[in-house]
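Peer 1: what follows is a protein structure lacking sequence information:
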């Protein structure tokens, strides 16, 4: 896993170094402000950004993309990290070149054909990432953990329920970072112009809001079945009715090796809300599907759920 993360971070390190080097080499030739938004027709500038602001935002963009890919990358998606880094740095550096070649910012030109060039760089980077995948060993097939399907002693007329709050500080911190970046992007869009700040704001909000909502959840088992909701709001909600539950068990899961990261994940014939590695409640549903949620005291939850299923 350490080698995989290093290979995922490498293209962003190279991209950032290249971008900062070009900024330094072309600094005296770059206008201030830079032309940063262009019309679709002739590639003429219609939006401008201060040179210092552009340098800070482009650096933050590459660092954020790199951090996200490094934390959440899977072996099969390593090429995606390289393609993302390649496209981002090509776009940023082509924009610098367009400004450096102009006498003044309004004279800069950025035709749409340059996007094809950036896409080509992304394709070559993706091939490099695909080749480097060979350096990451495939995870060995894991031996299944012993199935633990506990039961709780519950009388025929007794009622019981179980509830627990679980969360992930790492997911919460990462989502909060996206949310702050989104809010900052929207503020900059109001004062400096829509591009590229509106896009940064939109991405930050789209990733940050649901991520923060799902960084801490409440897991409940009662006569209705299993329910998972964000701890602060009632939606979105995941509910598995009791009549769809075949059995419940407890096992340890590895968030990255089994699910490719944190959050709501979907794999073949199973899905889950994985906020960390470790103890998890595993619910087998009718049709062979599994639902996994990482939560403490999963044995009590599984025992109560099995008892309620047997009673039903």
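Peer 2: Nice, thanks for sending it over. Nothing here was measured: the structure is a model prediction, and the numbers come from that model.

Peer 1: element containing the closest residue to residue 84 other than its chain neighbours?
Peer 2: Among residues not flanking residue 84 along the chain, residue 65 sits closest, at 5.9 Å (C-beta to C-beta, 6 or more residues apart in numbering). For the C-beta atoms, the positions are set from N, CA and C on the backbone; glycine is no exception. Using DSSP states H and E, residue 65 falls within helix 51-72.

Peer 1: so how far is that helix from its chain's centroid?
Peer 2: Distance of helix 51-72 from the chain centroid (C-alpha atoms, centre = their mean, to the nearest Å) equals 15 Å.

Peer 1: the strands in the chain, which residues?
Peer 2: Here the chain has its strands, by DSSP state E, at 34-38, 45-49, 162-167, 216-222, 225-230, 238-241, 245-253, 263-267, 270-274, 278-285, 290-294.

Peer 1: mind putting the ones you listed into CSV with mean neighbour count, distance to residue 94 and mean pLDDT?
Peer 2: Converted to CSV, the strands of the chain look like this (neighbours: other C-beta atoms under 10 Å; distance: least, C-beta to C-beta, whole Å; pLDDT from 0 to 100):
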stretch, mean neighbour count, distance to residue 94, mean pLDDT
strand 34-38, 22, 11, 82
strand 45-49, 19, 14, 80
strand 162-167, 16, 42, 86
strand 216-222, 20, 42, 88
strand 225-230, 20, 41, 89
strand 238-241, 15, 44, 89
strand 245-253, 19, 43, 89
strand 263-267, 15, 33, 81
strand 270-274, 21, 39, 86
strand 278-285, 21, 45, 90
strand 290-294, 21, 43, 91
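
Peer 1: among those, which is nearest residue 76?
Peer 2: Closest to residue 76 of these, according to C-beta to C-beta: strand 263-267, at 11.7 Å.

Peer 1: I'd say residue 135 and residue 8 touch.
Peer 2: No: in this structure residue 135 lies outside contact range of residue 8 using C-beta atoms under 8 Å: 11.8 Å.

Peer 1: more neighbours, these two?
Peer 2: It is residue 8, of residue 135 and residue 8, that has more neighbours when counted by other C-beta atoms under 10 Å, with 28 against 11.

Peer 1: mind giving me the domain ranges of this protein?
Peer 2: 2-135, 146-166+215-312, 169-214 (automatic domain parsing).

Peer 1: and these, which one averages the lowest pLDDT?
Peer 2: With a mean of 78, domain 169-214 has the lowest mean pLDDT of the domains of the chain.

Peer 1: touching, residue 309 and residue 249? I think so.
Peer 2: No: with contact defined as C-beta under 8 Å, residue 309 does not reach residue 249; the gap is 12.0 Å.
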